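Enquirer: missing the sequence, but the structure's below:
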């Protein structure tokens, strides 16, 4: 019976190692595709799959108590977001009119912020500062993406146009005059 249990444990451990190796291969393949992609919109869309694989890797490393790897993976995610954002920026497209790529990137960056926050809450204090920097950088890029997507809302509304004789400092437009 002892041999069966230990054999089952070895088999389980071997399967876990194979699954981790397969996940690493997938992550490496996605990273290579991301690095070689020239179209910034395709790169931003590819970041969705790559980012999900990176989050899975970070969770696996966290469960294995490999906190240095967790930090490294999240830093790589941040760097990939930066590359995708820079590519979209260089493209010169108005994100508000043609949001393809910008929208997907912004949604995934928000997910990355949540993942970073969740990990920060669970790691020991000495591992938090680099993760907080990653989270802060992601937040900054998310804010930039939101400004790019919704820039018209930042502008001041124009003053209403109409005849000037209907408005005066004593009686603003739209308010009825009081009757004596």
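Expert: Cool, the structure landed. On a predicted model such as this, the values are computed, not experimentally measured, just so you know. Numbering: from 1, shown residues only.

Enquirer: which residue ranges form the helices in the chain?
Expert: Counting by DSSP state H, residue ranges of the helices within the chain are 2-36, 40-63, 67-91, 102-122, 128-149.

Enquirer: any figure for the gap between residue 139 and residue 127?
Expert: 19 Å (CB to CB, to the nearest Å). Bear in mind the C-beta positions are built from the backbone N, C-alpha and C, glycine included.

Enquirer: sorry, that was for residue 143
Expert: Residue 143 is 25 Å from residue 127, where distance means CB to CB.

Enquirer: lowest-scoring secondary structure element of the protein by mean pLDDT?
Expert: None of the helices or strands of the chain scores lower by mean pLDDT, DSSP states H and E than helix 2-36, at a mean of 67.

Enquirer: list the residues that contact residue 50.
Expert: If you count contacts by CB atoms under 8 Å, 6 or more residues apart in numbering, residue 50 has them with 27, 30-31, 33-34, 80.

Enquirer: ranking by neighbours, what's the top pick from those residues?
Expert: Within the contacts of residue 50, neighbour counts (other CB atoms under 10 Å) peak at residue 80, which reaches 21 neighbours.

Enquirer: pLDDT score assigned to that residue?
Expert: pLDDT, residue 80: 97.

Enquirer: quick one: residue 53 and residue 29 touch, right?
Expert: No: using CB atoms under 8 Å, residue 53 is not in contact with residue 29, being 9.1 Å away.

Enquirer: looking at those two, which has the bigger crowd around it?
Expert: Taking neighbours as other CB under 10 Å, residue 53 and residue 29 compare with residue 53 leading, 20 against 12.
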